[in-house]
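Colleague: what follows is a protein structure lacking sequence information:
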């Protein structure tokens, strides 16, 4: 997969089969579109092209919002890694700016799709919107396809048990700790990567040393506070574990942290990067009356996580 960070880097050949969107999460609905995109490209001897944007448009258009509505499911690095696995020919990542958001749908089609890519055909989802104030959509493209000389193929609404697959629904599930639903809609385990940093080392003092994982992107969505069964990749080896997300009220913690107790692991990994895959939710975070009570609960959490990972 060839990657471009500027439209001028892409040299159109007149046979581009294009889809476009943020593709946050690269969930199974996205993969349906991308699978058909690549099939279509093979059918017409063309090349598959995904046009996406960075930063996520919400982060540009709503910069003052700090709610989880603005949180992203995949960082740019995570998105590229997931897309590389699928076998696309080209990934074009355009910088999303307020100026770009003001392009009319006509300008977008003429300047980006036609002049920029030499688009022969498009494969897009039923709900795709583009142009200033999201004025363009699938109906507009179909209505003007002959004028633009672009064939339009629509991917209809995809559902799992009558639940529409969308990044918004996945975010909501993660916010509620509904990991099973989120993972089902993603088609994979939700994960995040980060660097192990030093904390107060209280876990070590009570017999459960934890890796305090700091994510490099402040907008990466972290699920609701609570305790989770996880698997953690350290130095390309996967280990089971238990993760606590929260403020650690029993020990008067400050700020929200992601702390992972990694099973059967004792190496010093401060400063190293790890990836945490979230398997399931165990319980809400709670404050205990004593450290001994906290230790008993951690032991129970470890047992619960081990059973979940085994099953």
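Modeller: Good, I have the coordinates. Worth saying up front: this structure is predicted, and the values here are computed from it rather than measured.

Colleague: and the strands in the stretch 201-311 of the chain?
Modeller: Using DSSP state E, counting those that start in this stretch, the strands of the stretch 201-311 of the chain run over residues 211-214, 226-234, 237-246, 257-262, 273-283.

Colleague: could you list the buried residues of stretch 130-146?
Modeller: Taking 16 or more other Cβ atoms under 10 Å as the basis for neighbour counts, the residues of stretch 130-146 that come out buried are 130, 131, 136, 137, 138, 140, 141. Just so you know, the C-beta spots here come from the backbone N, C-alpha and C atoms, and that holds for glycine as well.

Colleague: ok, now stretch 82-102?
Modeller: When neighbours are counted by 16+ other Cβ under 10 Å, the buried residues of stretch 82-102 are found to be 82, 83, 86, 88, 89, 90, 91, 92, 93, 94, 96.

Colleague: go through these and say which is closest to residue 265.
Modeller: Distance to residue 265 across the buried residues of stretch 82-102 (Cβ to Cβ) is lowest for residue 82, with 26.4 Å.

Colleague: any chance of TSV for the buried residues of stretch 82-102, columns distance to residue 184 and secondary structure?
Modeller: Formatted as TSV, these follow (distance: Cβ to Cβ, whole Å; DSSP: H, G, I helix; E, B strand; the rest coil):
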residue	distance to residue 184	secondary structure
82	17	helix
83	21	helix
86	19	coil
88	24	coil
89	29	coil
90	30	strand
91	26	strand
92	30	strand
93	28	strand
94	31	strand
96	29	coil
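
Colleague: next, format those as CSV and append distance to residue 300 and pLDDT.
Modeller: Conversion of those to CSV gives the following (distance: Cβ to Cβ, whole Å; pLDDT from 0 to 100):
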residue, distance to residue 300, pLDDT
82, 35, 96
83, 40, 96
86, 40, 95
88, 45, 96
89, 50, 96
90, 50, 97
91, 45, 97
92, 50, 97
93, 45, 96
94, 49, 94
96, 46, 90
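
Colleague: the buried residues of stretch 130-146 in strands, which ones?
Modeller: Judged by DSSP state E, strands contain the following of those: 130, 136, 137.

Colleague: closest to residue 192 out of those residues?
Modeller: Within these, distances to residue 192 taken as Cβ to Cβ reach their minimum at residue 130, with 29.2 Å.

Colleague: separation between that closest one and residue 234?
Modeller: With distances taken as Cβ to Cβ, to the nearest Å, residue 130 is found 41 Å from residue 234.

Colleague: in the buried residues of stretch 130-146, find the pair that's most separated.
Modeller: For the buried residues of stretch 130-146, with distances taken as Cβ to Cβ, the pair at the greatest spread is 131 and 138 (12.5 Å).

Colleague: what is in contact with the two at once?
Modeller: With contacts defined as Cβ atoms under 8 Å, 6 or more residues apart in numbering, no residue is shared by residue 131 and residue 138.

Colleague: let me know the average pLDDT across the lengthiest helix in the chain.
Modeller: Longest helix in the chain by number of residues, with DSSP state H as the criterion: helix 291-310. Helix 291-310 shows an average pLDDT of 95 in the prediction.

Colleague: give me the helices and strands touching that helix, please.
Modeller: Identification of packing neighbours for helix 291-310 by 3 or more Cβ pairs under 8 Å, 6 or more residues apart in numbering; DSSP states H and E yields strand 226-234, strand 237-246, strand 273-283.

Colleague: between the ones you listed, which gets nearest to residue 164?
Modeller: Comparison of these against residue 164 by Cβ to Cβ identifies strand 273-283 as nearest, at 22.4 Å.

Colleague: tell me the angle of the closest one relative to strand 226-234?
Modeller: 150 degrees (axes from the mean of the first three to the mean of the last three Cα atoms, to 10 degrees).

Colleague: next, the buried residues of strand 273-283.
Modeller: Buried residues in strand 273-283, counted by 16+ other Cβ under 10 Å: 274, 275, 276, 277, 278, 279, 280, 281, 282.

Colleague: nearest to residue 75, out of those: which one, please.
Modeller: Minimum separation from residue 75 among the buried residues of strand 273-283 (Cβ to Cβ) is found for residue 275, which lies at 11.7 Å.

Colleague: quick one: the closest one and residue 230 touch, right?
Modeller: No - Residue 275 is not in contact with residue 230 according to Cβ atoms under 8 Å; the separation is 10.1 Å.

Colleague: sorry, back to before: residue 194 is nearest to which of the strands of the stretch 201-311 of the chain?
Modeller: Of those, the one closest to residue 194 (Cβ to Cβ) turns out to be strand 211-214, at 4.1 Å.

Colleague: same question for that closest one, mean pLDDT?
Modeller: Here strand 211-214 scores 95 as its mean pLDDT.
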